[in-house]
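> Fold the following.
(one chain, ligands or ions: 1)
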Amino acid sequence: MNHDKPPNYNQLNFSGGPGALPAEVLSQIQQAILEVPGTRLSVLGISHRSDWFASVVQELEENVRLLLGIDQRFHVLMLQGGATQQFSMVPMTLLRGKAQAADYLHTGYWSAKPIAEARREGAVRVAWSGQASGFHHLPDDHELALSEDASYLHYVSNETVEGLQFQRLLGHDHVPRVCDMSSDFLSRPIDAAQFSIIYAHAQKNIGPAGVTMVLLRDDVLARGQYDLPDFLNYRTQIASHSNFNTPPVFAIYVTLLVSRWLRDRIGGLAKMEALNRAKANRLYQMVDASNGFYRGRARPSDRSLMNVVFQLPTADLEAEFLADADAAGFSGLGGHRAIGGIRASIYNAVTLQAVDRLCEFMADFQGRH
Ligand code: PMP
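Model (predicted):
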């Protein structure tokens, strides 16, 4: 490794989230704290009722529509409360008062939480659980007995903690699909029209913490619950253009900058996926070629392109790995507290060069042990 110049810590940030942001966007934010181009004001002091902010919301919405190829049947919302609030808003809207149970998949740490929240609202059927097998793999089609008449199907496209990612669409076409894409949203193209609700907080692939994108197909709303607190009612949020109460102006602005970066610098989601795949391949190859020194956690066919989770032969070696990595300028590599081990999160803004640096470090560490 080249020790001549100090590492740029932001560029070696492998955090599980909030994660790395593009260097170019960090510079733009730095400028915007002092003055947003064309406004004479700091981004931290602009009214959410200004024309400027309305144009930010509108352009972000347009960029998301363009990147995902979705049309006007979808509402694009920017909400508060994180993905966690969606764990409740979804069943409040679609399950409360309904006779039919909702199907939920329990594929890891994060998919357990929406199940608990949905149970407050109505009947939930856990259509598959990986708990007994330690969440090392996702279900194959033949293991999934999904109900034909469920109120909806809920699943998590990428399990951030365990590093498991679905590489296919699940469910029956006539059962509304609801998906938590918090850790892989806008990291690859998806067939968004196949979903009724997609939600994803920003702080992994598309921005800072504070804003959660919700894509909601209009027809599903027509069947939903009406009598809800305004703040938790998708209809209120739609009617107010994500501006019902004071929204997180800063977080939404930064997310707009990242959406421009995805559109203009990266050139769209197919290119983003190719880059993300190249990064993940390098790391998994490193793991697979290590003769068992590094041990991948997920079944290879379910490996995540976002969170590369692995272990070392002993807990002591893992602690040494993390300490050495920290000294070399890497950050965020410790596994989630629920399972330990090592997790390299390689969200959109983590560069191929950063991944190469990490691979070099891993080879060097293995060589020394
Ligand atoms: N879903 C997934 C897949 C996550 O990874 C996380 C957090 N890492 C959450 C939901 C919870 O998100 P929030 O903290 O924004 O509520």
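
> What residues does the stretch 151-300 of the chain have near the ligand?
For the stretch 151-300 of the chain, the residues found near the ligand under the criterion Cβ under 6 Å from any ligand atom are Val156, Thr160, Asp180, Ser182, Ser183, His201. For every residue, glycine as well, the C-beta is placed using N, CA and C.

> residues touching the fifth one, list them.
Taking Cβ atoms under 8 Å, 6 or more residues apart in numbering as the contact definition, Ser183 lies against Gly17, Ser157, Asn158, Glu159, Thr160, Ala200, Lys204, Asn205, Ser304, Met306, Asn307, Tyr347.

> element containing it?
Element membership for Ser183 (DSSP states H and E) is empty, with no helix or strand holding it.

> from now on call the first residue 35
Noted, 35 is the first residue going forward, which turns the last one into Ser217.

> Please parse this protein into its domains.
61-300, 302-401 (automatic domain parsing).

> I'd like to know which of those lies nearest to Leu55.
domain 302-401 (5.2 Å; Cβ to Cβ).

> before we move on, back to that, do you know which of the domains of the chain lies nearest Tyr43?
Nearest of the domains of the chain (Cβ to Cβ): domain 302-401, 5.8 Å.

> what about the helices in the stretch 135-284 of the chain?
Under the criterion DSSP state H, counting those that start in this stretch, the stretch 135-284 of the chain carries helices at the ranges 143-152, 252-256, 268-273, 283-294.

> comparing these, which gets the lowest mean pLDDT score?
Ranked by mean pLDDT, those bottom out at helix 252-256, with a mean of 88.

> Closest one of the contacts of Ser217 to the ligand?
The nearest member of the contacts of Ser217 to the ligand, counting by Cβ to the nearest ligand atom, is Thr194 at 3.4 Å.

> residues near that closest one, how many?
25 (other Cβ atoms under 10 Å).

> what residues are up against it?
Neighbouring residues of Thr194 by Cβ under 8 Å, 6+ apart: Gly50, Gly51, Tyr143, Trp144, Ser216, Ser217, Lys238, Met340, Asn341, His370, Ser379.

> Go ahead and confirm the fourth one touches Val190.
Yes. With the criterion set as Cβ atoms under 8 Å, Trp144 and Val190 qualify as a contacting pair; they are 5.3 Å apart.

> how about the residues of the stretch 35-184 of the chain near the ligand?
Contacts of the stretch 35-184 of the chain with the ligand, taken as Cβ under 6 Å from any ligand atom, map to Gly51, Gly116, Ala117, Thr118, Trp144.

> Buried ones from these, can you make that a ChimeraX selection?
Command for ChimeraX that selects the buried part of those, burial taken from 16 or more other Cβ atoms under 10 Å:
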select :51,116,117,144
